[in-house]
Structures are given as structure tokens and as C-alpha cells.
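Enquirer: I would like the atomic coordinates for the input below:
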Amino acid sequence: MRAEEFIWLAEKNTQECGWVLKSPAVGYFTNAPAKGKFLEAGAVIGAVMILGKSHSLRLPQDVGGVVTSSPPEHTQHPIEFGEVVFTLRSQSQANTLPVKDDQKEEVENLLLRSPQVGRFYRSASPETPPYVEVGQEIAPGKTIGLLEVMKTFTPVKWQGFEDSVYTAKLTQFLVDDGADVEEGQAIAQLEAVENPK
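Expert: Numbers count the residues shown, from 1 in each chain. The predicted structure follows:
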């Protein structure tokens, strides 16, 4: 059975020309967006754990902008119905330029996404070093983490660019170590690096 999806409760924030996002359910909030991150309207932003099940949290179709609040201290943050979880400043007030279609495609190519729902780990165990450190260059086929689904661990690999002129550098993890992720959720940001000739 497919997990239920919830829509964030959005309230206009006239002081910051943006939005206040409130919890639509009681549970544990995971995968909080980082401060300064741009969120597209209608995108899935985080998840809420209810009785051990993960449910996606989606922005309303007319709500988007830049996150102006810091994420919770804990990876799984307890939330009540109607509780303010984070705030957004609308794009028009965020001093950001519109992104062209070709730029959007370029950004998408530099996001490593989860192939399925699960729990993401950066290393094989708490005692071993991460598969990849931020700032490290990676080659196609490189494992950057593990995805746990019902005690089964699957490597998450970077498959490489179609253009072999470039490799990649991992610039940022977009989810915490041990965080629950949704299928298709971006888990790492990459940067194209031109190969020496």
C-alpha cells in the first residue's frame, strides 16, 4: 500500500514577504531543508514519520521560495499538527534570478538522487570512514553511500556524465547520515570537473 502524502499548511508571512510552513500532521519530521535553499512550488520537502511509516510532505502548488529558518537540531524532529516548522521568503524577494530551462537541466544533472525509499548511510558502519568526503572527486561507478530497506543494504553509486570529458566532485550532502529518503529525492550535490587532456 502506498504511503499517504501530506501537503504543508502554508500561511502568508507579510513581514518577510513569504510563507510560514506548518505541520499538517503529528509525527517526526525528517529531511529538513537547509537555510538558504531554494524550494520550488509543489515540490516534496521532507517527510513525516507516523507510527514507523514515512509520508512525503509536499508544498502547495503556489508556495515556493528561499528557506529563511535554520533546520531543527535533530534528524527526526517531533512535530505537532499546526506547528511552525520552517519559513520561506518568496522568490521575488530573494534576490535570485529566474533559472532558464537549460540551467535547470544542468542543475538536475548535478544532483545524485535516491533510487528508492530507504535510509541513507554515508559509510558501511559507524566505525568506518565515509565512502566519499565532501570536496572529493569521484569517478563513474563510485559508491557514495548505502541505502537500507528492511535490513537490506544497497550501494548508491554515481553513474557518471554522458560526456566523458567531465568527472565530478561531491560538493554537498543534501541529507543527514542515517536520514530517511524518498524515491527520487536529491541526496548529494555534485560539481562537474573537466578531465585533463
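Enquirer: and the next element down the chain from the helix-or-strand element of the chain with minimal mean pLDDT?
Expert: When the helices and strands of the chain are scored by mean pLDDT, DSSP states H and E, helix 101-109 comes last with a mean of 40. For helix 101-109, the following helix or strand on the C-terminal side (DSSP states H and E) is strand 111-113.
Enquirer: Direction included, what does that next one pair up with?
Expert: strand 186-194 (antiparallel) (DSSP bridges).
Enquirer: Any buried residues in the partner strand, and which?
Expert: Residues of strand 186-194 classed as buried: 186-190 (neighbour count, 16 or more other CB atoms under 10 Å). The C-beta positions use only the backbone N, C-alpha and C, and glycine is treated the same way.
Enquirer: Generate a markdown table for those, with distance to residue 122 and pLDDT as supplementary columns.
Expert: Below are the buried residues of strand 186-194 laid out as a markdown table (distance: CB to CB, whole Å; pLDDT from 0 to 100):
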| residue | distance to residue 122 | pLDDT |
| --- | --- | --- |
| 186 | 15 | 84 |
| 187 | 10 | 87 |
| 188 | 9 | 87 |
| 189 | 14 | 85 |
| 190 | 15 | 84 |
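Enquirer: Now flag whichever of the residues you listed is closest to residue 36.
Expert: Nearest to residue 36 among the buried residues of strand 186-194: residue 189, at 13.0 Å, using CB to CB.
Enquirer: wait, doesn't the closest one sit right on residue 174?
Expert: Yes. Shown here, residue 189 and residue 174 form a contact pair, counting by CB atoms under 8 Å, at 6.1 Å.
Enquirer: does the residue nearest to residue 23 when sequence neighbours are not counted have beta-bridge partners, and which?
Expert: Nearest in space to residue 23, with sequence neighbours left out and distances taken as CB to CB, 6 or more residues apart in numbering, is residue 79 at 4.2 Å. Taking DSSP bridges as the rule, residue 79 bridges to residue 27.
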